[in-house]
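Turn this into a structure:
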Amino acid sequence: MGNLPVVPFLIIFPLVIAFLMFVVRKSNVRAVIAYIGSIFIMIGVGYLTWMWIDGGSKPITLYVETEIADYAILAAEILLMFVVVFLSFRYRKYWVSLLSIIPTAGMVWLEFSGVKLAQIAHIRIDRLSVLMCIIVGVIGGLIVIYAVGYMHGYHKHHKEVEDRRYYFFMLLFLFLSAMFGFVLSESLLWIDFFWELTSVCSFLLIGYTREKEAITNSFRALWMNLLGGCALAVGIIYFAINMHTVSLSGLVRMCENSHGSVATIAVALIAFAALTKAAQLPFSTWLIGAMVAPTPSSALLHSATMVKAGIYVLLRLSPAMTGTTTGNLIALIGGFTFLATSLMAIAQSDGKKILAFSTISNLGLMVACAGVGTPETMWAGVFLMIFHAISKSLLFQDVGATENSLHSRDVEDMHGLLYIMPKLAAFMFIGIAGMFLAPFGMLISKWSALRASVDERNIMLVLFICFGSATTSLYWTKWMGKLVSHTHLTEEKIKDVTKKNEMVSLAIHAALMLLLCALFPLLSSVFVNPLVEENFGVAMNVLPTEVLIVLVIIILLVFAVPVFAYLYSRKIMTYNRKDSYMNGVNYGDNRSFVDSFGERKTLWLSNHYYKDLVGKRKLMKPSQLFTMAVLIVMMVYIIGGALS
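Numbers count the residues shown, from 1 in each chain. Here you go, the predicted model:
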């Protein structure tokens with residue numbers, strides 16, 4: 001198959017577009033370039049997938065001789081370090097610069113120390129990397145298309161924020177390049193660089209507005225991700241010095257075959273790094289703070305793709321963590337994060353914060369699946385990753401579009417959205433349904449993870465999944481109920497200002513969600529089962545095809561109910577509305593009444609959010625302290641036991 005030129009294309013082409021985004025200052029021209037760039041990236045991913053299928057859908061390794069690329073990546077990593085150091089000193093966050101200097105210095109030392117490393121292929125294409133490329137290319141491309149229209153409306157309603165869209169889109173394409181490099185790399189040295197690049201892109205996007213809160217939150221995200229980067233670099237260097245290789249698949253094979261002390265320590269350190277990137281407790285606060293960034297960055301980096309980099313690494317390491325102390329630690333942290341952040345999500349009324357806590361929660365379940373390290377949990381983890389990427393990207397974009405029209409993203413202000421902006425409400429309904437309703441992919445995957453936990457007799461994880469799923473249903477149900485309520489529709493005429501390119505992205509996301517639900521049995525048998533076999537050597541058929549087909553039929557019925565209900569309500573609500581009794585004389589709009597003292601009162605129905613019981617202020621610090629203590633004790637135990 002040659003060297004597959006599409007691989008360097010996917011890494012280099014977004015860099016070219018990023019440069020054009022920065023130098024072109026005319027919005028119309030920049031929009032055209034963004035559209036063309038996104039489309040070509042999606043075509044490139046399609047071509048890569050087709051070439052891989054044409055080659056028999058078997059793992060492909062490429063690029064053994066890469067001396068020039070190695071030096072270029074090392075130079076870029078040094079440049080990245082200088083950027084972080086400069087910004088750290090500019091904003092007087094001096095100590096943060098050390099977290100960039102340390103791993104970079106380590107990589108430079110490894111390159112020139114004379115440590116002999118075995119020749120390896122630097123690129124690996126298999127089912128997991130192809131899946132990640134599809135998520136990054138398709139979801140990422142659609143988000144960029146959405147962002148063109150969204151950012152226009154954003155700056156129209158945020159006059160106080162300097163319009164730097166050229167900078168914003170440059171970072172989006174730079175991030176896409178980094179993610180392609182990350183998921184396609186077999187060399188741990190390349191993975192380290194792309195890991196750092198995604199962290200810096202996230203940092204710069206969170207601080208886009210340059211307001212005080214944005215700067216504070218961006219540096220929190222930076223130091224937490226760089227801390228993980230330090231652990232990653234130490235693990236790579238330790239593994240390279242002792243085993244004379246930097247192959248990721250080689251690391252996994254060593255753990256599977258012998259559970260050697262060197263490989264065990266390397267896996268533990270890399271897994272720790274993955275926890276920071278996946279925003280697991282005690283590092284979850286960086287993702288919550290990231291919500292100050294414009295919605296496209298929240299959708300792309302902080303829900304659909306970048307945080308999945310941590311999940312991707314853990315899924316790669318999953319066979320190496322089976323039955324190990326490291327695996328038990330990762331499963332415990334993931335399961336606890338799933339439950340704790342689900343509880344905290346109940347107390348949120350801000351749409352983006354709900355999505356943020358929900359993202360951390362679902363990432364926790366994926367982390368737990370990877371930590372358990374069985375074929376069944378990997379099957380569940382992969383499906384969780386697929387459905388979560390599409391659902392959360394759809395929901396983040398929808399909340400952003402709704403905010404531009406309502407000038408609010410509070411769930412309470414979305415009361416009766418189905419009757420005010422039906423298109424946005426319908427897309428939001430689909431996204432929420434995909435996250436928790438039976439029998440969608442997310443719920444089936446949770447059931448699979450629960451069954452595997454029962455089989456493994458992991459009682460703690462069983463409890464985390466059961467109670468975490470219950471709390472998940474609570475906050476999604478509250479939100480969904482708001483969308484279809486029409487007791488106190490606003491008297492103000494709301495205009496839907498969502499642009500066509502935003503609608504295109506939303507519609508495609510919704511269609512993808514429905515298509516995946518309909519093709520769930522086919523996707524399981526054709527792609528996910530072979531993916532599990534590729535990593536574990538054992539085929540996995542979690543649910544019989546007949547059961548999956550029945551579930552698909554139920555899915556169609558689930559969607560048929562709200563569609564017919566909406567059509568029926570549109571038909572009757574205009575001429576068959578009855579005044580409700582509100583403990584006074586109805587004022588004629590079912591929103592207000594005159595009480596016994598002759599005063600006009602407004603009726604307002606609101607969800608209860610239990611802020612004093614399960615709010616962030618109540619649960620975050622205890623959760624962080626608990627998980628921090630567990631991490632420190634278990635990491636010391638793992639590393640100390642391996643060295644002794």
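
Would you enumerate the residues in contact with the closest residue to residue 294 other than its chain neighbours?
Nearest non-adjacent residue to residue 294, counting by CB to CB, 6 or more residues apart in numbering: residue 154, 5.6 Å away. Using the backbone N, CA and C atoms, a C-beta is placed for each residue, glycine as well. Shown in contact with residue 154 (CB atoms under 8 Å, 6 or more residues apart in numbering): 161, 294, 295, 404.

And these, which of them are buried?
Buried residues within the contacts of residue 154, counting neighbours by 16 or more other CB atoms under 10 Å: 294, 295, 404.

Just confirm the second one contacts residue 399, I think it does.
Yes: Residue 295 is within contact range of residue 399, at 6.8 Å (criterion: CB atoms under 8 Å).

Now for those two: what residues contact both?
By CB under 8 Å, 6+ apart, the residues touching both residue 295 and residue 399 are residue 352.

Distance-wise, check residue 476 relative to residue 209.
Distance, residue 476 to residue 209, by CB to CB, to the nearest Å: 29 Å.

Is residue 121 in a helix, a strand, or coil?
Under the three-state scheme (DSSP: H, G, I helix; E, B strand; the rest coil), residue 121 adopts coil.

Report the secondary structure state of the residue nearest to it when sequence neighbours are not counted.
Counting by CB to CB, 6+ apart, residue 121 lies nearest to residue 61, which is 3.4 Å off, once chain neighbours are set aside. Three-state assignment for residue 61 (three-state DSSP): strand.

got a list of what residue 61 touches?
121, 123, 124, 125, 186.

same check, this time on residue 37
13, 14, 17, 20, 144, 173.

host element of the last one?
With the criterion set as DSSP states H and E, the secondary-structure element containing residue 173 is helix 165-184.

what do you get for the second one?
Element membership for residue 14, per DSSP H and E: helix 6-23.

Touching that helix from outside, list them.
By CB under 8 Å, 6+ apart, helix 6-23 touches 30, 33-34, 37, 40-41, 44-45, 47-48, 51, 62-63, 123, 125, 133, 137, 166-167, 169-174, 176-177, 180-181, 184.

switch to 7 Å and redo it
Helix 6-23 is contacted from outside by 30, 33-34, 37, 40-41, 44-45, 47-48, 51, 62, 123, 166-167, 169-170, 173-174, 176-177, 180-181, 184, using CB atoms under 7 Å, 6 or more residues apart in numbering.

residue boundaries of the strands in the stretch 1-150 of the chain?
For the stretch 1-150 of the chain, applying DSSP state E, counting those that start in this stretch gives strands covering 60-62, 123-125.

any idea of the angle the helix holding residue 14 forms with helix 165-184?
160 degrees (axes from the mean of the first three to the mean of the last three CA atoms, to 10 degrees).

mind checking how far helix 6-23 is from the chain centre?
23 Å (CA atoms, centre = their mean, to the nearest Å).

before we move on, what about stretch 110-122?
Distance of stretch 110-122 from the chain centroid (CA atoms, centre = their mean) equals 33 Å.

now do stretch 511-525
That offset, for stretch 511-525, works out to 20 Å (CA atoms, centre = their mean).

again with stretch 181-192
The answer for stretch 181-192 is 19 Å, by CA atoms, centre = their mean.

List of residues touching it?
Stretch 181-192 is contacted by residues 7, 11, 61, 73, 107, 120-125, 129, 132-133, 136, 194-195, 198, 232-233, 236, 246-249, 309, 312 when judged by CB under 7 Å, 6+ apart.

Kindly give a single ChimeraX line that selects the buried subset of those.
Remark: buried members of the contacts of stretch 181-192, expressed as a ChimeraX selection using 16+ other CB under 10 Å:
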select :7,11,73,107,120,121,122,123,124,125,129,132,133,136,194,195,198,232,233,236,246,247,248,249,309,312
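
Give me the buried positions along the host helix or strand of residue 230.
With secondary structure defined by DSSP H and E, residue 230 is part of helix 212-243. Judged by neighbour count (16+ other CB under 10 Å), helix 212-243 contains these buried residues: 214-240, 243.

now that helix: how far from the chain's centre is it?
The chain centre lies 18 Å from the centre of helix 212-243; the measure is CA atoms, centre = their mean.

So for the helix or strand following it, what gets flagged as buried?
Counting by DSSP H and E, the element after helix 212-243 in chain order, helix or strand, is helix 248-257. Within helix 248-257, the residues that count as buried by 16+ other CB under 10 Å are 248, 249, 250, 251, 252, 254, 255.

Including distance to residue 353, could those residues go into CSV?
Formatted as CSV, those follow (distance: CB to CB, whole Å):
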residue, distance to residue 353
248, 35
249, 39
250, 42
251, 37
252, 37
254, 42
255, 38
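
now the end-to-end length of stretch 290-299.
End-to-end distance of stretch 290-299 (CA to CA, to the nearest Å): 11 Å.

ignore the last one, stretch 241-251
First-to-last residue span, stretch 241-251, CA to CA: 13 Å.

Quick one: neighbours of residue 419, just the number.
17 (other CB atoms under 10 Å).

Setting aside sequence neighbours, what's the nearest residue to it?
residue 486 (5.2 Å).

In contact with residue 31, which residues?
So residue 31 contacts residue 148 (CB under 7 Å, 6+ apart).

Can you give me the buried ones in the helix or strand harbouring residue 472?
In this assignment (DSSP H and E), residue 472 forms part of helix 459-484. Using 16+ other CB under 10 Å as the test for burial, helix 459-484 gives 461-462, 464-465, 468-469, 471-476, 478-480, 482-484.

Next: stretch 501-508.
Residues of stretch 501-508 classed as buried: 501, 502, 503, 505, 506, 508 (neighbour count, 16+ other CB under 10 Å).

among those residues, which one has the lowest pLDDT?
Across the set of the buried residues of stretch 501-508, residue 501 stands lowest in pLDDT, at 86.

Quick check, it in contact with residue 149.
Yes: the criterion here is CB atoms under 7 Å, and residue 501 meets it with residue 149 at 4.4 Å.

circling back to that earlier point, secondary structure element holding the residue nearest to residue 294?
Going by DSSP H and E, residue 154 is part of helix 140-157.
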